[in-house]
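Student: what shape does this take:
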Amino acid sequence: MEKATFAAGCFWGVEEAFRRLPGVRKTIVGYAGGDLESPTYERVCSGRTGHAESVLVEYDPEQVTYEQLLEVFWNEHDPTTLNRQGPDVGTQYRSAIFFHDAAQQAAAIASKERLERSGRFRGPIVTEIVPAAVFYPAEDYHQQYFLKRGRTCH
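Tutor: Numbering: from 1, shown residues only. Below you'll find the model as predicted:
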């Protein structure tokens with residue numbers, strides 16, 4: 001199994017999109033990219049922890065590629081809005097790819113460059129591509145939020 005970590009706004013809908021993808025074995029919503037140890041949802045929502053709502057994806061690379069995960073990531077949000085997705089505003093809703101190795105970094109950069117050249121978006125892509133560090137799982141009530149409630153995001 002391999003791991004990938006993405007931030008694309010509210011983690012509930014992003015998690016659901018990855019969870020449904022064949023080859024994805026596990027998804028965990030949580031917090032990444034900040035400097036506060038063991039953050040809580042309330043602390044992250046304050047915008048003062050540096051963390052982004054994120055999804056850690058464990059996947060079988062023989063069934064789904066990292067590039068396919070990147071496609072889901074780009075399709076699940078607007079990567080041109082800085083610190084905002086829809087009605088959610090703040091650095092905790094930023095767009096970010098947290099790479100786990102050099103191959104993921106190269107694939108993420110290439111994917112972002114292709115998307116920028118495609119003209120799909122009017123504005124510049126503001127997605128951060130940064131090394132993965134400590135990932136803190138969110139509270140249990142956030143895990144598979146839509147699945148538990150029989151709802152979907154889109």
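
Student: wait, doesn't Glu15 sit right on Ala138?
Tutor: No - judged on C-beta atoms under 8 Å, Glu15 makes no contact with Ala138 at a distance of 9.6 Å. Where C-beta positions appear, they are placed from N, C-alpha and C, glycine not excepted.

Student: of these two, who's got more company?
Tutor: Glu15 (30 against 22; other C-beta atoms under 10 Å).

Student: what helices and strands are in contact with the lengthiest helix in the chain?
Tutor: Looking across the chain with DSSP state H, the single longest helix is helix 102-118. On a contact count with 3 or more C-beta pairs under 8 Å, 6 or more residues apart in numbering; DSSP states H and E, helix 102-118 meets helix 66-75, strand 95-99, strand 128-131.

Student: which residues are common contacts for Glu15 and Ala138?
Tutor: Val29 (C-beta atoms under 8 Å, 6 or more residues apart in numbering).

Student: related to what we said a few turns ago, tabulate the helices and strands packed on helix 102-118 (JSON lines), appending distance to Gly47 and mean neighbour count.
Tutor: Converted to JSON lines, the helices and strands packed on helix 102-118 look like this (distance: least, C-beta to C-beta, whole Å; neighbours: other C-beta atoms under 10 Å):
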{"stretch": "helix 66-75", "distance to Gly47": "22", "mean neighbour count": "18"}
{"stretch": "strand 95-99", "distance to Gly47": "15", "mean neighbour count": "24"}
{"stretch": "strand 128-131", "distance to Gly47": "16", "mean neighbour count": "14"}
